[in-house]
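**Q** Here is the input, now give the coordinates:
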Amino acid sequence: MNRGRARAELSARASFEAMVREHQRPLHTHVRLVYPSASAESVVNATFAAAWQHFDEIPPEALTTWLRATARHIVLNTTRSDRRWRALTSKVAQMDAPRDQEATDSDTRLFVHVVTSAMSTLSRSDRELLAMCALEDLTTEDIAEILGVRPDAAKARLSRARARLRAAVDQLESSEEEGGRS
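**A** Residues are numbered from 1 along each chain as shown. All right, here's what the predicted structure looks like:
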């Protein structure tokens with residue numbers, strides 16, 4: 001590394017550290033007051049991590065608003081993620097509940113077994129898509145954002161995953177029927 005580049009990196013680091021010293025306490029106070037249910041320390045740390053990644057792109061006159069907007073997005077994303085996690089664990093708990101009781105509908109038990117078996121034959125990405133849609137109730141827009149693709153691409157991938165699941169279910173059901181006839 002040449003000396004000019006090393007000096008520039010030291011200068012950028014010193015500028016960033018000065019910015020953190022100046023804005024850390026006010027940002028922490030802002031997050032604590034505006035988002036009392038959020039972990040202010042975590043949000044502030046994530047905000048400054050994002051600021052470091054984009055430090056050269058942030059106009060100095062917009063720094064305060066950029067930091068607060070980024071903190072807001074972090075809080076909203078964390079809240080949304082927590083809500084999805086709670087919903088997913090609730091659904092999983094509801095799915096496990098009937099196993100504790102004696103199931104009376106053998107057709108339903110067989111269908112659940114077939115679908116579970118069919119899911120296990122799919123690729124990890126297909127299982128992930130189907131779980132995000134069916135278990136987590138995510139929209140195709142949410143799925144697209146998570147995957148980093150356009151919504152129409154996510155919709156097409158989900159459609160293909162559903163088709164592969166249907167084909168796998170049909171194949172397993174026909175195997176079950178043939179096995180029952182023997």
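**Q** Give me the buried positions along stretch 162-181.
**A** Arg164, Leu165, Ala168, Val169, Leu172 (16 or more other Cβ atoms under 10 Å). All C-beta spots, glycine's among them, are computed from the backbone N, C-alpha and C.
**Q** pull the CA atoms of that stretch into CSV?
**A** C-alpha atoms of stretch 162-181 as CSV (Å, rounded to 0.1, in the frame of the first residue of the first chain):
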residue,chain,number,x,y,z
ARG,A,162,-45.3,-24.7,-6.2
ALA,A,163,-45.4,-26.6,-9.5
ARG,A,164,-42.5,-28.8,-8.4
LEU,A,165,-44.2,-29.4,-5.0
ARG,A,166,-47.5,-30.4,-6.8
ALA,A,167,-45.6,-32.8,-9.0
ALA,A,168,-43.8,-34.3,-6.1
VAL,A,169,-47.1,-34.7,-4.2
ASP,A,170,-48.7,-36.3,-7.2
GLN,A,171,-45.8,-38.7,-7.7
LEU,A,172,-45.9,-39.7,-4.0
GLU,A,173,-49.7,-40.2,-4.0
SER,A,174,-49.5,-42.3,-7.1
SER,A,175,-46.7,-44.4,-5.5
GLU,A,176,-48.9,-44.8,-2.4
GLU,A,177,-51.8,-45.9,-4.5
GLU,A,178,-49.7,-48.4,-6.5
GLY,A,179,-48.2,-49.7,-3.2
GLY,A,180,-51.7,-50.2,-1.8
ARG,A,181,-52.8,-52.2,-4.8
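**Q** that older thread, could the buried residues of stretch 162-181 be laid out in TSV, adding secondary structure, pLDDT and distance to Trp66?
**A** Listed next are the buried residues of stretch 162-181 as TSV, based on DSSP: H, G, I helix; E, B strand; the rest coil; pLDDT from 0 to 100; distance: Cβ to Cβ, whole Å:
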residue	secondary structure	pLDDT	distance to Trp66
Arg164	helix	93	43
Leu165	helix	90	43
Ala168	helix	90	48
Val169	helix	88	49
Leu172	helix	83	53
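**Q** Dump those to a markdown table, plus distance to Arg109.
**A** Below are the buried residues of stretch 162-181 laid out as a markdown table (distance: Cβ to Cβ, whole Å):
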| residue | distance to Arg109 |
| --- | --- |
| Arg164 | 23 |
| Leu165 | 19 |
| Ala168 | 18 |
| Val169 | 15 |
| Leu172 | 14 |
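**Q** Since that was my last question, I'll sign off now.
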